[in-house]
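J.: I'll drop the sequence and a predicted model, then ask my questions.
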2 protein chains.
Amino acid sequence: MQLSLNNNGGYRGKGFDLLSSRRLSVGDTVKIETEDGEILGVIMPRYESASDEYLAVKLKSGYNTGVNISRIRSISKLAAKDPGPVAPAIQIPENKNLPRVALISTGGTIASKIDYRTGGVRAALSASELYSSVPELARIAWIDPEVLLSEYSENLKPSHWSMIAEKVAEKIGAGHYRGVVISHGTDTMHYTAAALSFALQNLPVPVVLVGAQRSSDRPSSDAAINLMGAVTFASESDLAGVFVAMHAGTSDDSVAIHVGSRVRKNHTSRRDAFESIGATPIAHVKAGKIELKSNQFQVAKRSNKAELKLRPAFDARVLLVKYYPGLDFGIIDYAVGAGCRAIILEGSGLGHVSNEAFPFLRKAIEAGVMVCMTSQCIWGRVRMTVYDTGRDLLDIGVVPLSDMISEAATVKAMWTVANTSDIQSARNLMQDNLANEISDSIPID
Amino acid sequence: MQLSLNNNGGYRGKGFDLLSSRRLSVGDTVKIETEDGEILGVIMPRYESASDEYLAVKLKSGYNTGVNISRIRSISKLAAKDPGPVAPAIQIPENKNLPRVALISTGGTIASKIDYRTGGVRAALSASELYSSVPELARIAWIDPEVLLSEYSENLKPSHWSMIAEKVAEKIGAGHYRGVVISHGTDTMHYTAAALSFALQNLPVPVVLVGAQRSSDRPSSDAAINLMGAVTFASESDLAGVFVAMHAGTSDDSVAIHVGSRVRKNHTSRRDAFESIGATPIAHVKAGKIELKSNQFQVAKRSNKAELKLRPAFDARVLLVKYYPGLDFGIIDYAVGAGCRAIILEGSGLGHVSNEAFPFLRKAIEAGVMVCMTSQCIWGRVRMTVYDTGRDLLDIGVVPLSDMISEAATVKAMWTVANTSDIQSARNLMQDNLANEISDSIPID
């Protein structure tokens, strides 16, 4: 869905009058004097829901601001609209002395540019444009880019996970890649990372998802450093498995490498939004060097002998329910009726829901639906033998998932029901640690 | 729902034989020698789902462990079962030189003890038992305890929030309390804190919720320190409003005071599980002293002249939906059909859901349901003008809730729909900052 804008960037009323009378267009760089001071920036299109009283201006910092038109004392054009970047027809350098890396582009901010029609950010750049915009990559690896998808990650579905897994398997099957990098929107990158952790077993090389929190037209963009960190880890690390490479802190020089099944987006906008849960990142990439961190994970070593097992099937019929006081448990009845095969509860505390849920859960389990428990606390571990509520839920047949985060649990349930033939196997598989999604637990407490 | 246990604490098979032959009972303190070493502890009842191969033993640390019976070389009784504490008939001291504080008990770990029938922890202690178990309180305040509820907090519902709000108003109406303390289970304490933040407006005194992550029979219990911190803040602070008092760190000496609308349980078991989101706690209580922290909140001062406005109504017909790839948006249709009045989306990133949701959301909004957006990232702020997806959702009529956490947003929606007569007022009220649930935002970006 795109916004349609008129020729004046959607401006009406005061904004339209101002732009017409001064022969200004969206995209022009202007100097504006107001009662409060001077602003330099580029005129952005008016967003359709915004007030007619404001002119939208993109500042040098990359942020947009709204300027109250009635407070404008003067406005002058410093430069006419930039006709926009023409994608340079860069030849991907084939440097046979460098490790070869496959780069699969799926979309997101890392592959985005400002759309001067809507003033927003659009997933648009191809993998080769991405590559040409970060020429430093040519010194790290010989990169083969391929555009698989061009989607905001909030629009990705389990069927896309299968498609990405199959594409990775194809790249690995070619036999000449030291690693695979997947550029991805950050909104659901951790869901895809978990999905690939289950779908791609016994990986011979690292598979590294990478995104950006800030688009590359902003000075604070993390696109280039994240991409360089991902490519460095994919080509040079001794480890194999599925990882996420994202900015490690508020400084500019370090990229964290997270285990794909234990990472979560914990901030809407910070560049270091991604955090390993209940663990440190497995490594940092800093100044082109990989620094391994001590941690509790069992991560395989890179090995030419490892034979990839591709298990790309997912069954989306899984309901994630975050518990809260007053929740209408009728949604469980609805989901069971709609053919749901598993329910992941995001319980309170150590893994609890109201006792009013018990009859609904019992009915779901009797209908053959697998019901599992995680915690909405995010950190810590479900322990259902401490309080009566937990014990009652265990008796009903709810499967406790230890410290698996609910996002990974939801993805794993979609994968498990697609890859098992009976409920007992599914229950067992959910509790097996396949890809570091569960860390060691105290056996009884 | 309680477990029924036979006379041997539920033991059968090997466990039953062992206990019978040695004339041991549940509750006895024993020394056990195994191949792996020596264990001192109290025999706990066998949990019904547990294997017959294990004896459950409560260690001095407070943790339970399972001892494989076939590995037991010897077992000897050190002490017979403690007949259990008899609640001492302590006279609440009425020290008229001390500030008077009302203590309302609702249940939870802070008011719990080990149940030797089930081996679990039960909400059982009355407020006066609680008081008598922390005699230091008598030096801080003259406390009037009252048991309002005795529930695990996962079983509390919005109707309980109304009941608690009314009880607080009654205490404040009495005119002689410097503050009110509410003991509460930690599972949903942050939901109740948000509820009271909206239901109790213009408070003249502090209202402090307090819980414990570890029951008071464990050496590491935080029950006493949290309670002392809460009573100190309630009686001595110059501030008014709804707060949560919980352990501030892994050390033993500091209690954090969180603003009630901005706090979240972020760990299943740690004592410092509660964290202020997007803010520091407003104060710490350390060695009996209140240390105010600099922060961005607008918190009212304590004032005899403030007249409490009690708005205790909540309408539970609100659906909180955490978005994930593959979510069946049919639950939105179901909820609208079931009479749902508001939907809180916990979107990805800056406040997004898949574009497949759009028709379902449009239908819900056309049916008069208020739909609001928060982020599952937890930290940060929803900003729906940056990407196409957010703009499309705004156009559909989704209300962005800035940095309100989804738990507070769900509670506020339940309160808002119960306290407004039309949808536009409800939408406006959701976006008004009533109790620090929204912090200042950049106007346009």
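T.: Okay, I see it.
J.: tell me which parts of the stretch 201-350 of chain A are close to chain B?
T.: A:265-270, A:273, A:314, A:316-320, A:322-328, A:330-331, A:334-335, A:338, A:340, A:346-350 (Cβ under 8 Å from any Cβ of the partner chain). Any C-beta I mention is one placed from the backbone N, CA and C, and that applies to glycine too.
J.: next step: these restricted to helices.
T.: If you go by DSSP state H, these have A:330-331, A:334-335 in helices.
J.: could you find which two of these are furthest from each other?
T.: A:G330 and A:A335 (9.7 Å; Cβ to Cβ).
J.: show me what the helix or strand encompassing A:T374 is packed against.
T.: Here A:T374 is covered by strand A:370-375, with elements defined by DSSP states H and E. Judged by 3 or more Cβ pairs under 8 Å, 6 or more residues apart in numbering or on different chains; DSSP states H and E, strand A:370-375 is in contact with strand A:342-347, helix A:358-366, strand A:399-400, helix A:406-419, helix A:423-431.
J.: which of the residues of the stretch 201-350 of chain A next to chain B are buried? Put it as a ChimeraX command.
T.: Filtering those down to the buried ones (16 or more other Cβ atoms under 10 Å in any protein chain shown) takes a single ChimeraX command:
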select /A:265,266,267,268,269,270,273,314,316,317,318,319,320,322,323,324,325,326,327,328,331,334,335,340,346,347,348,349,350
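J.: restricted to strands, list the residues of the stretch 201-350 of chain A next to chain B.
T.: A:265, A:318-320, A:322, A:346-347 (DSSP state E).
J.: distance check, A:P359 against chain B.
T.: 11 Å (Cβ to the nearest Cβ, to the nearest Å).
J.: for the closest residue to chain B within the stretch 1-150 of chain A, grab the count of nearby residues.
T.: Relative to chain B, the nearest point of the stretch 1-150 of chain A is A:G66 (3.7 Å; Cβ to the nearest Cβ). Applying other Cβ atoms under 10 Å in any protein chain shown, we find 18 residues neighbouring A:G66.
J.: would you say it is within a helix?
T.: No. If the criterion is DSSP: H, G, I helix; E, B strand; the rest coil, then A:G66 is strand and not within a helix.
J.: buried set for the one helix or strand A:V57 maps to?
T.: Secondary structure assigned from DSSP H and E places A:V57 in strand A:54-59. In terms of neighbour count (16+ other Cβ under 10 Å), strand A:54-59 has its buried residues at A:54-58.
J.: before we move on, the earlier item: which among the ones in helices among the residues of the stretch 201-350 of chain A next to chain B gets closest to chain B?
T.: Closest to chain B, out of all of those and judged by Cβ to the nearest Cβ, is A:Y334, at 4.2 Å.
J.: what's the pLDDT at the residue lying closest to that closest one once chain neighbours are set aside?
T.: Leaving aside its chain neighbours, A:Y334 sits nearest to B:Y334 (4.2 Å; criterion: Cβ to Cβ, 6 or more residues apart in numbering or on different chains). B:Y334 is assigned a predicted lDDT (pLDDT) of 98.
J.: same question, A:N295
T.: Reported pLDDT at A:N295 in the predicted model: 74.
J.: for it, grab the count of nearby residues.
T.: 17.
J.: shouldn't it be within a helix?
T.: No. Under three-state DSSP, A:N295 sits outside any helix and is assigned coil.
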